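Student: Build me a model from this:
(one chain, ligands or ions: 1)
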Amino acid sequence: MEVFKIVNEHTRKPLGNPALEALHLKRTVILSGHTLLLTKDGREMPVDDSVAPIRDVSGRMAGTVIVFRDITEKRNAERTSARLASIVENSEDAIIAKDLHGIVTNWNKAAERIFGYTAEEITGKSVRVLIPEDRQAEEDQLLKALGRGERLEKLETVRRTKDGREIDVLSSSSPIKDAEGNVIGASTIAHDISREKTMEAELTMAHAELEEYARKLEETVAERTAHLQATIAELEGVSYSLSHDMRAPLRTVQSFSQIVLVEAGDKLGATEKNLLEKIISAAARLDRLIQDVLTYSRVSREKIELKTLDVEKLIKQIVDERPDLQMPKAEVDIQGPLPTVRGHEAYLSQCITNLLDNAVKFVPRDRHPEVCVRSEVHNGHVKLWFEDNGIGIPQESQQRIFGLFERLHAQTDYPGTGIGLTIVRKAVERMGGKIGVESEPDHGSRFWLQLKKGEKK
Ligand code: ADP
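Tutor: Predicted coordinates:
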């Protein structure tokens, strides 16, 4: 009965009858270094085998004896060490072994690439050739620590190559022990970090440059802003006094024209009278423009303090003071109670007046102006809506109208200066709020301004 089969380990072909070969050669032979026993229960066992002839008393061959020695463990150990050797050889990092005197005993390919020495050149020499003069003490300490069986991890240091360059490395060393546990040397893994170091230095430099650049930029911006603010303040001052001073001669033109019209009206022809009336109305328009510019300038420049305002009371007062906002000319419906807001009384009055004036002005002549004022409270803010039944504003012009001197109509259709909404926007901004509009041509406009909610009334 066949208990096992003998095959070649690599080819798996059954081997010839070893007994016959032994008989033929008449001595003990090693049949093969690669013999596998395949047992009947399916196991594979690498073996060393030898065959010896058995002779009878007369010295004739009587048979053979085959000896198989199980070499599984030996084979496993060989495989492991081959694998380890390949790992060491193919490592990206230098792997160096040395004895307790620092003499190199092993040197892999990466060590050759990093330090420039071949294995033949350096094996048997001291690792100190790799260490710069000022760092030789490191090796003494390292050898001492390794002698005590300690491991040294991630030492960032500098090493010297064969061609004299100094390179940054990160090295870790561990003791090598013999079978009895005695330290007989050390292995060091060195990772070349020169590129990282250069990059790090470049990055630090770039950072410093960037910071310096940002600092200079900030300085320049601050300088220019201060300069700009001073120029704006100066210009505002000039325009304010110019506008202010223009009013006196303008009033003279206005009142003298009026005097001429009243005193000498009978002596004047219709054309002269008409020209005088044009002078008076142009002067009045110019005066309104100057007043608006002065108001805008004031709203932009003045220091203000905010307090809680009773907006409902303020709106009622404004409506009461202006016949244009009352019946029969127009109707303003205040949907109270309106909450209080944080604002500046004069600024808020100016905003409300301008919005209500526009709401009753930009209405077709054959339509009775109706305005609704209502409020919404959201997240600590009050939105005041001024909704009219006027001509409306096309979508594309809804942002533009808040700009200085922006108007959508001819003076003859709807007179004005084009500053009213600019004043409102500036005043609302100064009070920390926002303004906007929703509208559709011929479907009325809904202007809103949003301010912080005030304390309770
Ligand atoms: P002004 O009223 O003096 O023309 P504003 O700055 O107050 O100047 O308004 C700018 C323009 O915005 C107006 O000329 C007008 O075309 C448009 N506008 C303002 N309010 C309304 C409104 N309620 N309905 C329709 N158009 C408006």
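Student: how far does stretch 381-396 sit from the chain's center?
Tutor: On the basis of Cα atoms, centre = their mean, to the nearest Å, stretch 381-396 sits 39 Å off its chain's mean C-alpha point.
Student: Would you mark the buried spots in it?
Tutor: 381-393 (16 or more other Cβ atoms under 10 Å). C-betas here are computed from N, CA, C, even on glycine.
Student: touching the ligand at all, that stretch?
Tutor: Yes. Using Cβ under 6 Å from any ligand atom, stretch 381-396 reaches the ligand at 388, 390-391, 393.
Student: From these, pick the one nearest residue 344.
Tutor: Residue 344 lies nearest to residue 388 out of those, by Cβ to Cβ, at 25.0 Å.
Student: who's in contact with that closest one?
Tutor: Taking Cβ atoms under 8 Å, 6 or more residues apart in numbering, we find residue 388 in contact with 358-360, 362-363, 369-371, 444-446.
Student: Skip the chain neighbours and tell me the closest residue to it.
Tutor: Leaving out its chain neighbours, the residue that sits closest to residue 388 by Cβ to Cβ, 6 or more residues apart in numbering is residue 359, at 3.8 Å.
Student: thought that neighbour was touching residue 372?
Tutor: No. With the criterion set as Cβ atoms under 8 Å, residue 359 and residue 372 do not qualify as a contacting pair; they are 9.3 Å apart.
Student: These two: which has the busier surroundings?
Tutor: Taking other Cβ atoms under 10 Å, residue 359 and residue 372 do not tie; residue 359 has more neighbours (26 against 17).
Student: C-terminal to the host helix or strand of that one, what's the next element?
Tutor: Residue 359 is located in helix 345-361, with elements delineated by DSSP states H and E. The element immediately downstream of helix 345-361 (helix or strand, assigned by DSSP H and E) is strand 370-378.
Student: Can you name every helix or strand that that following strand contacts?
Tutor: strand 331-334, helix 345-361, strand 381-388 (3 or more Cβ pairs under 8 Å, 6 or more residues apart in numbering; DSSP states H and E).
Student: Can you add mean pLDDT and give these back as a markdown table?
Tutor: A markdown table is the format used below for the helices and strands packed on strand 370-378 (pLDDT from 0 to 100):
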| stretch | mean pLDDT |
| --- | --- |
| strand 331-334 | 96 |
| helix 345-361 | 96 |
| strand 381-388 | 97 |
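Student: Out of the ones you listed, the one nearest residue 440 is which?
Tutor: When these are compared for distance to residue 440 using Cβ to Cβ, the nearest one is strand 381-388, at 12.2 Å.
Student: Quickly list the domain ranges of this structure.
Tutor: Dividing the chain into domains by automatic domain parsing, as the record does, gives the ranges 4-76, 91-192, 204-298, 303-452.
Student: now these as TSV including distance to residue 84?
Tutor: TSV is the format used below for these (distance: least, Cβ to Cβ, whole Å):
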stretch	distance to residue 84
domain 4-76	13
domain 91-192	10
domain 204-298	40
domain 303-452	69
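Student: looking at these, which has the lowest confidence?
Tutor: Within the domains of the chain, confidence is poorest for domain 4-76, with a mean of 67 (mean pLDDT).
Student: Hmm, residue 130 and residue 115 touching each other?
Tutor: Yes. Using Cβ under 8 Å, residue 115 is in contact with residue 130, at 5.9 Å.
Student: and for these two, which residues touch both?
Tutor: With contacts defined as Cβ under 8 Å, 6+ apart, the residues shared by residue 115 and residue 130 are 159, 161.
Student: For the residue of the stretch 151-300 of the chain found nearest the ligand, which non-adjacent residue is closest in space?
Tutor: Evaluated by Cβ to the nearest ligand atom, the stretch 151-300 of the chain has residue 292 as its residue closest to the ligand, separated by 7.6 Å. The shortest distance from residue 292 to any non-neighbouring residue, by Cβ to Cβ, 6+ apart, is to residue 419 (4.0 Å).
Student: Relative to residue 369, how far out is that neighbour?
Tutor: To residue 369, residue 419 is 21 Å away according to Cβ to Cβ, to the nearest Å.
Student: before we move on, back to that, now rank the contacts of residue 388 by neighbours and give me the top one.
Tutor: residue 359 (26 neighbours).
Student: how close does that residue sit to residue 373?
Tutor: The span separating residue 359 from residue 373 equals 9 Å under the rule Cβ to Cβ.
Student: near the ligand, which residues of the stretch 351-457 of the chain show up?
Tutor: On the criterion Cβ under 6 Å from any ligand atom, the ligand has as its neighbours in the stretch 351-457 of the chain the residues 354, 358-359, 362, 388, 390-391, 393, 401, 406-409, 416-422, 445.
Student: Identify those among these that sit within strands.
Tutor: Of those, the ones assigned to strands by DSSP state E are 388, 445.
Student: In helices, which of the residues of the stretch 351-457 of the chain next to the ligand fall?
Tutor: By the criterion of DSSP state H, membership of those in helices covers 354, 358-359, 420-422.
Student: For those residues, work out which two are farthest apart.
Tutor: Put simply, by Cβ to Cβ the two of these set farthest apart are 359 and 422, 17.0 Å from each other.
Student: and the gap between the spatially closest residue to residue 174 that is not a sequence neighbour and residue 139?
Tutor: Once flanking residues are discounted, residue 174 sits nearest to residue 151: 4.6 Å by Cβ to Cβ, 6+ apart. Between residue 151 and residue 139 the distance, using Cβ to Cβ, works out to 16 Å.
Student: okay, the two: which has more neighbours?
Tutor: residue 139 (16 against 11).
Student: Contacts for the helix or strand containing that one, please.
Tutor: Mapping residue 139 onto the secondary structure by DSSP H and E places it in helix 136-147. Helix 136-147 is contacted by residues 100-102, 127-128, 131, 152, 155, 157, 173-175, 183, 186 when judged by Cβ under 8 Å, 6+ apart.
Student: Only the buried residues of that helix, if you could.
Tutor: By neighbour count, and taking 16+ other Cβ under 10 Å as the criterion, the buried residues in helix 136-147 are 138-139, 142-143, 146.
Student: Can you give me the first-to-last residue distance of stretch 323-343?
Tutor: Between the opening and closing residues of stretch 323-343 there is a gap of 26 Å (Cα to Cα, to the nearest Å).
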